[in-house]
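Undergrad: Everything below, folded, please.
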Amino acid sequence: MTTPNLALARHNMIEQQIRPWDVLDQRVLELIDSLPREAFVPAAYTSLAYADINIPLEHGEMMMPPKVEARMLQALNVQLGESALEIGTGSGYFTALLARCAKQVYSVDIHAEFTQQARHKLTAHGIANVSLDTGDASRGWEQHGPYHVIAVTGSLPVLPDSLRRSLKTGGRLFVITGDAPVMTAQLITRIGEESWGQQTLFETVLPPLINAPQPPRFVF
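TA: Residues are numbered from 1 along each chain as shown. Just a heads-up that it's a prediction; the model follows:
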């Protein structure tokens, strides 16, 4: 069986998946090109590391397709002096992307296994500006806030106000809200003490965070 040319696969992913999805920020493209995604996916899926699919993780979780990760990173526009909160460490791949952009990343996952695995992967790539915690951040994680950037890597049926209020003024929050089959990726920007802007980016479907807050449901 021929070993796939992963460098070529990474190049093709950028040119055929990511650029056509309106990811044109050269900094984002170069960052994705420099980080080997295959080092973060489960071993059984190494050959699919650059495919346009959700890659399964343990505990019924999954990695988002590369183009969604790229759009999220571009929308957040993370700067070197900023602090970022990631809710849902997962494979640690997006954690690493954030860390290459930000001053400090705080990443939280409800699964201790993911936290431990991510720590090893980040260390192997010389990434030291990430603080990893195991816990339930479905309604926010205020320990290190407020933050310049918040990235939620699972969906939320309804956005808790505590997340918006964890942003610094000028801060950005990426979140996918709604219920399947219609979910919307949004960028929330804190404009002032009591004002936020909202931009709809695209539609997608992503499993909800464990213990995600739920909107009122009508029962007939």
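
Undergrad: isn't residue 66 right up against residue 19?
TA: No: shown here, residue 66 and residue 19 do not form a contact pair, counting by C-beta atoms under 8 Å, at 11.4 Å. (C-beta placed from N, C-alpha, C; glycine too.)

Undergrad: Compare neighbour counts for these two and give me the winner.
TA: Counted by other C-beta atoms under 10 Å, residue 66 and residue 19 do not tie: residue 66 has more neighbours, with 24 against 14.

Undergrad: for that one, phi and psi?
TA: phi -50, psi -40 (degrees, to the nearest 10).

Undergrad: does residue 76 really touch residue 151, like I thought?
TA: Yes: contact criterion C-beta under 8 Å: residue 76 and residue 151 qualify, at 6.2 Å.

Undergrad: Give me the common contacts of the two.
TA: Common neighbours of residue 76 and residue 151, counting by C-beta atoms under 8 Å, 6 or more residues apart in numbering, are 84, 174.

Undergrad: Give me the contacts around stretch 21-31.
TA: So stretch 21-31 is contacted by 14, 18, 19, 67, 70, 71, 73, 74, 77, 97, 100, 101 (C-beta under 8 Å, 6+ apart).

Undergrad: what about 6 Å?
TA: 14, 67, 70, 71, 73, 74, 100 (C-beta atoms under 6 Å, 6 or more residues apart in numbering).

Undergrad: what separates the fifth one from residue 134, distance-wise?
TA: This points to residue 73. Distance, residue 73 to residue 134, using C-beta to C-beta, to the nearest Å: 24 Å.

Undergrad: The second one now?
TA: For residue 67, the distance to residue 134 (C-beta to C-beta) stands at 29 Å.

Undergrad: who's more crowded, these two?
TA: Remark: of residue 67 and residue 134, residue 67 carries more neighbours, 21 against 15, as counted by other C-beta under 10 Å.

Undergrad: SS state for that one?
TA: Classification of residue 67 using DSSP: H, G, I helix; E, B strand; the rest coil returns helix.

Undergrad: Send over the longest helix seen in the chain as CSV, restricted to the C-alpha atoms.
TA: The residue-count maximum for a helix in the chain (DSSP state H) belongs to helix 112-124. Extracted in CSV, the C-alpha atoms of helix 112-124 (Å, rounded to 0.1, in the frame of the first residue of the first chain):
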residue,chain,number,x,y,z
ALA,A,112,-9.6,14.5,30.4
GLU,A,113,-8.3,12.1,27.7
PHE,A,114,-8.4,14.9,25.1
THR,A,115,-6.6,17.3,27.5
GLN,A,116,-3.8,14.8,28.1
GLN,A,117,-3.4,13.9,24.4
ALA,A,118,-3.3,17.6,23.4
ARG,A,119,-0.6,18.3,26.0
HIS,A,120,1.7,15.7,24.5
LYS,A,121,1.0,16.9,20.9
LEU,A,122,1.6,20.5,21.6
THR,A,123,4.8,19.8,23.5
ALA,A,124,6.0,17.7,20.6
